[in-house]
Every structure is written in C-alpha cells, then in structure tokens.
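What would the 3D arrangement of this be:
(one chain, ligands or ions: 1)
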Amino acid sequence: MTSASDIAARQAARVFYTWTAQANAVPLEIVGGEGPRFVTADGGKWWDLGSMTWNAGLGHGHPRMQKALGEAATRGLLVTPTAVFAAKARAGELLAEVTPPGLEKTFFCLSGTEANENAIKIARLFTGRQKVVARTRSYHGASLAMLSLSGDPRRLPFEPGLPGVVRMGDPYCFRCPFGKEPTSCAHECAADLETALLREGPETVAAVILEGIVGANGVFVPPPGYWKKIRAICDRHGVLLIADEVLSGFGRTGRWFAVDHDGVTPDLLTMAKGLTGGYVPGGAVIVTDRIARHFDDQVLVCGLTSYAHPLVCEAVVATIETIRDEGLVERAAALGTFLGVRLEDFARERPYIGEVRGLGLLWAFELCVPGPASQRTREPMPAVTMAKLAAILRRARLHLHKRDNLLYLAPPLVIAEAELEAALGDLGRALDEAFR
Ligand SMILES: Cc1ncc(COP(=O)(O)O)c(C=O)c1O
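Residues are numbered from 1 along each chain as shown. Got it, this is the predicted structure:
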C-alpha cells in the first residue's frame with residue numbers, strides 16, 4: 001500500500017482497477033513528480049522505470065506540457081469532428097514530418113486500441129478484403145476486436161473473437177519458434193508471413209499488423225533487415241502493412257519509430273502513448289497518400305465524438321515540439337548505447353538473468369532459474385518468486401512493468417545517465433534480494 005489517505009479505500013469501493021482481481025490490486029496514490037521520479041502520498045520518492053503505462057516519455061511535471069494544456073483548457077474550446085482550428089492542422093503537419101516518408105494524412109482518436117481498430121477498418125475499406133495477419137505474441141488493445149487480434153492470453157475469456165485473424169511466428173530469438181540459434185537464423189520469422197499468406201490466399205488478406213518492437217509481450221527486437229523482408233512480402237502479395245507503434249513510437253527505441261531502424265515505410269502506422277506523453281488520452285493512425293486519396297470519393301466509415309479534440313491536438317503539438325527541441329530521440333539512442341554495455345555487465349553478475357534485450361530505452365530482463373554451478377538457463381522463474389520480487393520492488397520504490405518471468409525497463413526519455421545509473425543500483429539490489 002502506498003497511500004497515506006482514505007482516498008484508496010473510497011476509490012476501491014466505487015472504481016474498478018484494470019486487469020486484476022480487485023482484491024489483488026496495488027494502489028499507487030501519486031501526488032506529483034518531476035522528470036523520471038514521482039512521489040506518492042505516503043512521501044515515497046519513486047523511480048519511474050516504466051514511464052507510467054509506457055506512455056510518460058516526457059517524464060513527470062513537464063513544464064511545457066503543463067503550460068500548453070493549461071492554456072488550451074482555459075480557452076475551453078468546444079468542437080465537433082468537422083471543426084477547423086490551428087492545433088489540429090499543426091498536429092497533422094507535424095505527424096507527417098516525424099513519421100516515415102510517404103505517410104501523409106492522419107485520423108485522430110483517443111487510445112492505442114482505437115488507433116488499431118481504425119487502422120484495420122481503413123485497411124478493410126481500402127482493400128475490400130477481410131482477413132488480418134498478426135503475431136502469435138503481440139498486444140494491440142483491449143476492445144473485443146483488438147484483444148482477439150492480439151497474440152495475448154488475455155484474449156482467451158472472450159473467444160471466439162474477430163473472425164479472419166491469421167497468426168504468424170514471432171522474432172523471439174531467445175525462444176525461437178523455428179528452433180533456430182542466432183548463428184543459423186535466416187529470418188524464418190519474417191518468411192513465415194509469406195507462408196501464412198500463401199496458406200490463406202493473399203487475395204483474402206487485407207493487412208498484416210505488427211508491433212514496431214513487441215512491447216508488453218516481451219520486447220522482441222527483430223533482427224536488422226526484418227522489416228524490409230516484411231515490406232517486400234506485403235508488396236509481392238498486395239497486402240497492406242500496419243505498424244503498431246503505440247508503445248515503440250516517439251523516440252522510445254532511439255528513433256522516432258521502430259520501423260525507422262530499417263528505413264521502412266508501412267502503409268498505415270498507429271500511435272498513442274508517447275504521442276501525448278501521457279498528459280491526455282490520445283491516439284492516431286497515419287496513412288500513405290495512396291490510401292488517403294481512396295477516401296477522397298469513398299466514405300471513411302470511421303469516427304468518434306471527441307475526434308481531434310483540442311486538448312489532444314495541443315498535446316500532440318507540444319509533445320512533438322518538446323521531443324525535437326530537447327533532442328529526446330537522440331538522447332534515447334545514446335542512452336540505449338550506454339545501456340547495451342551497462343546491462344551486459346549487470347546481467348553477467350546475475351546468473352538468474354537468462355537474457356537482457358532491448359533497444360534505446362525499451363528493455364526486458366528474462367528471469368530464469370539458474371542451473372547447477374550458477375549457469376544460465378531458459379527455465380522461466382516461477383510465479384511465486386516473481387511475486388516476491390514485485391513486493392521488493394515496491395518497497396524499494398521502483399516502478400517497473402512485470403509479466404510472467406519478464407521484467408521491463410522503460411524509463412522516460414528525459415532521464416539522465418547518472419539518474420539511470422542510480423536507478424540501476426537500486427534495481428540490482430532489489431533483484432539480488434529476491435533471487436540470491
Ligand atoms: C503495442 C500496443 N498497441 C496497442 C495498445 C493499446 O493502447 P491503449 O491501451 O491506449 O488502448 C498498447 C497498450 O499497451 C500497446 O502496447
């Protein structure tokens with residue numbers, strides 16, 4: 001419990017927690033924060049090593065965001081989806097500038113789930129086809145359709161879900177689904193898309209949707225060249241490529257978008273989380289000119305009441321300008337290089353880290369039971385030990401995402417190297433207490 005007031009009890013009586021049995025929820029009463037740290041009502045000062053819900057790329061209490069949103073709220077503009085105003089035009093222009101070349105026109109919404117829903121709808125409207133290929137391990141959102149599209153066990157209570165979902169294999173090199181080792185890898189995971197398309201009949205498939213880097217399901221960094229192969233397969237079969245950059249976008253991996261590492265332009269790219277730095281709920285889909293032109297004379301059967309809301313548009317503009325002015329993409333790349341070296345040492349000293357992998361400021365530790373003589377294994381750390389770790393991390397005031405035997409490191413992009421080093425010291429001590 002990290003609440004010093006009665007708010008947690010009042011709230012628990014009236015408001016649900018997400019993704020948990022309510023009795024197991026862990027309240028976190030955040031009262032403020034600055035940069036990569038936040039403060040709870042009981043006086044605790046935490047390291048935010050998970051960027052809240054992977055969305056707080058600009059860190060806590062960013063003055064520029066507070067000013068931009070304060071001013072927008074004071075104007076109190078009410079709008080309809082057809083409204084014309086400067087921040088909406090500017091948000092569209094800036095998104096066309098920072099996304100890969102060839103992506104031109106944006107559809108706005110309020111979350112990553114909605115961004116993906118609308119991307120799938122646009123792909124179906126554009127192609128007249130229904131099926132969608134998705135990875136075996138992936139997350140695309142919590143609505144009925146997007147959860148069933150996700151390769152995530154959380155979809156199971158809702159099956160049967162969206163019809164026409166086709167699965168392909170993951171770039172999960174630590175447990176390669178094709179039984180390969182890095183030395184024998186020939187990008188079978190990318191080629192599996194072609195196998196899936198040929199099996200289904202490509203003329204029935206509207207799109208393939210892939211996270212830029214699989215996030216919550218394990219941080220799978222695809223091998224260099226992966227996206228180019230995927231792009232070529234899509235082009236060969238006339239299937240649209242949707243990059244879900246909800247988690248991996250806006251500098252998280254050391255480039256504006258994860259697909260930039262391979263220099264690939266998808267047909268549609270979805271965004272949320274870092275799009276607004278978490279300061280307001282926002283999502284978006286950006287599409288190529290070819291897709292945009294299709295809707296010049298065809299009805300875009302997509303919409304929502306709060307389409308391109310002024311608070312969202314102001315937040316998008318302020319976020320992009322802040323990322324640019326503060327050089328946060330370059331900063332994430334530099335910190336990623338630092339972490340690449342630092343985390344290798346960190347893992348070498350700890351035989352229970354089966355693997356540490358990542359890019360930029362998006363990393364995962366795969367925690368495994370060490371074998372005899374402390375050799376590294378791939379046997380997942382059991383749930384009971386992971387629960388012990390979770391309690392220790394809370395006590396140490398470390399906010400990190402956890403799932404199964406995975407522990408994720410994804411601090412705000414504004415974190416300084418010295419702060420990251422200090423946080424890693426705390427993290428190392430917490431891990432050693434749990435596993436040694
Ligand atoms: C890759 C990815 N896509 C989509 C979503 C859904 O976004 P939201 O929770 O904003 O609906 C998430 C959320 O974690 C995500 O990580």
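
For the rest of this, base every contact and every neighbour count on C-alpha atoms.
Fine.

which parts of the stretch 201-350 of the chain sit against the ligand?
When proximity is defined by C-alpha under 6 Å from any ligand atom, the stretch 201-350 of the chain lies next to the ligand at 211, 215, 216, 244, 246, 247, 272.

how about a cut-off of 8 Å?
Taking C-alpha under 8 Å from any ligand atom as the test, the list of the stretch 201-350 of the chain residues beside the ligand reads 211-212, 214-216, 244-248, 271-273, 281-283.

ok, the residues you listed vs residue 179, which is closest?
Closest to residue 179 out of those is residue 214 (19.3 Å), distances taken as C-alpha to C-alpha.

distance between the ends of stretch 133-149?
9 Å (C-alpha to C-alpha, to the nearest Å).

One more: stretch 213-232?
Using C-alpha to C-alpha, the end-to-end distance of stretch 213-232 comes to 18 Å.

now do stretch 147-161
8 Å.

Check whether the residue nearest the centre of the chain sits in a helix, strand or coil.
In the chain, the C-alpha nearest the mean C-alpha coordinate belongs to residue 247, at 1.6 Å (C-alpha atoms, centre = their mean). With DSSP: H, G, I helix; E, B strand; the rest coil as the basis, the three-state label of residue 247 is coil.

Enumerate every residue touching it.
Neighbouring residues of residue 247 by C-alpha atoms under 8 Å, 6 or more residues apart in numbering: 54, 55, 215, 271, 272, 273, 274.

okay, now residue 385: neighbour count?
By the other C-alpha atoms under 10 Å criterion, the neighbourhood of residue 385 contains 13 residues.

check which helix or strand covers it.
Residue 385 is located in helix 383-395, with elements delineated by DSSP states H and E.

Flag every buried residue along that helix.
When burial is assessed from 16 or more other C-alpha atoms under 10 Å, helix 383-395 yields the following buried residues: 386, 389, 390, 392, 393, 394.

shaky segments in this structure?
Segments of the chain classed as low confidence (criterion: pLDDT under 70) are 1-4.

picking up where we left off before, the contacts of residue 247 in strands, which ones?
Judged by DSSP state E, the subset of those located in strands is residue 271.

would you turn the contacts of residue 247 into JSON lines with neighbour count and distance to residue 423?
Shown next, in JSON lines, are the contacts of residue 247 (neighbours: other C-alpha atoms under 10 Å; distance: C-alpha to C-alpha, whole Å):
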{"residue": "54", "neighbour count": "27", "distance to residue 423": "17"}
{"residue": "55", "neighbour count": "27", "distance to residue 423": "19"}
{"residue": "215", "neighbour count": "23", "distance to residue 423": "21"}
{"residue": "271", "neighbour count": "30", "distance to residue 423": "28"}
{"residue": "272", "neighbour count": "31", "distance to residue 423": "27"}
{"residue": "273", "neighbour count": "28", "distance to residue 423": "23"}
{"residue": "274", "neighbour count": "29", "distance to residue 423": "22"}
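
So which of the contacts of residue 247 belong to helices?
Under the assignment DSSP state H, these contribute residue 54 to helices.

all strands in the stretch 151-300 of the chain, in order from the N-terminus.
Ranges of strands in the stretch 151-300 of the chain, per DSSP state E, counting those that start in this stretch, are 165-168, 205-211, 240-244, 268-271, 283-288.

Quick check: which of those strands is nearest to residue 137?
Within the strands of the stretch 151-300 of the chain, the stretch nearest residue 137 is strand 165-168; the backing value is 9.1 Å (C-alpha to C-alpha).

ok, and what's touching the closest one?
Contact partners of strand 165-168, identified using C-alpha under 8 Å, 6+ apart, comprise 131, 132, 133, 134, 135, 136, 149, 189, 192, 193, 196.

What residues does residue 238 make contact with?
202, 203.

Pop the domain breakdown of this protein in here.
With automatic domain parsing as the criterion, the domains of the chain are listed as 7-50+327-435, 65-325.

From the chain's centroid, how far away is the first one?
So the one you mean is domain 7-50+327-435. Here the centre of domain 7-50+327-435 is set off from its chain's centre by 16 Å, with C-alpha atoms, centre = their mean, to the nearest Å.

Would you work out how far apart the start and end of it are?
Distance between the boundary residues of domain 7-50+327-435 (C-alpha to C-alpha) amounts to 34 Å.

starting at the chain centroid, how far to stretch 216-236?
Here the centre of mass of C-alpha atoms in stretch 216-236, compared against the chain's by C-alpha atoms, centre = their mean, lies 16 Å away.

Farthest pair within the buried residues of helix 383-395?
Between all members of the buried residues of helix 383-395, the longest pairwise span (C-alpha to C-alpha) is found for 386 and 394 and amounts to 12.4 Å.
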